[in-house]
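> mind looking at a prediction? Sequence and model below.
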Amino acid sequence: QVSLVESGGGLVQAGGSLRLSCAASGRTFSSNTMGWFRQVPGQEREFVATISIGGYTRYSDSVKGRFTIARDNAETTVVLQMNSLKPEDTAVYYCAASPVYGIPQRADDYAYWGQGTQVTVSS
């Protein structure tokens, strides 16, 4: 069992930066792939980034080169550094944990989810 709590969302102007953090509790954090997803009302949850147990990463094309995901197994945290933000990045961002080996990108592969944090980018 993994419990996830996100923080760091907020309002920022286009071109700015935000850093999202996800604090995980539970002894199985280090054995889970960690990911970030985002969702806009009326749309499906969208993959943003994922990081494997061994540190391999994968990003969606829409955020590649602007966002960076990192994890600290000792501190049981995963962060998402978001730079050069655009209005289309506005969404609720969710941290998630997956027992699937590798770098899964489907929401269905993730078993544990945080409550979400709002990110709003103004133009």
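That came through fine. Numbers count the residues shown, from 1 in each chain.

> quick one: low-confidence parts of the chain?
27 (pLDDT under 70).

> spatially central residue in it, please.
residue 36 (2.1 Å; CA atoms, centre = their mean).

> can you pull the contacts of the nearest residue to that residue once chain neighbours are set aside?
Computed as CB to CB, 6 or more residues apart in numbering, the closest residue to residue 36 that is not its neighbour in sequence is residue 48, at 4.3 Å. For glycine as for every other residue, the C-beta is placed from the backbone atoms N, C-alpha and C. Contacts for residue 48 were tallied using CB atoms under 8 Å, 6 or more residues apart in numbering; they are 35-38, 59-60, 63, 67, 80, 93.

> of those residues - the most surrounded one?
residue 35 (29 neighbours; other CB atoms under 10 Å).

> pretty sure it sits against residue 52.
No - the criterion here is CB atoms under 8 Å, and residue 35 misses it with residue 52 at 9.8 Å.

> re the thing from before, check the contacts of residue 48 and tell me the two furthest apart.
The two members of the contacts of residue 48 with the most space between them (CB to CB) are 59 and 93, at 13.9 Å.

> returning to what we had before: let me have the contacts of residue 48 in a markdown table, extended by distance to residue 109 and secondary structure.
Output for the contacts of residue 48, formatted as a markdown table (distance: CB to CB, whole Å; DSSP: H, G, I helix; E, B strand; the rest coil):
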| residue | distance to residue 109 | secondary structure |
| --- | --- | --- |
| 35 | 9 | strand |
| 36 | 14 | strand |
| 37 | 11 | strand |
| 38 | 16 | strand |
| 59 | 16 | strand |
| 60 | 15 | coil |
| 63 | 19 | coil |
| 67 | 20 | strand |
| 80 | 18 | strand |
| 93 | 18 | strand |
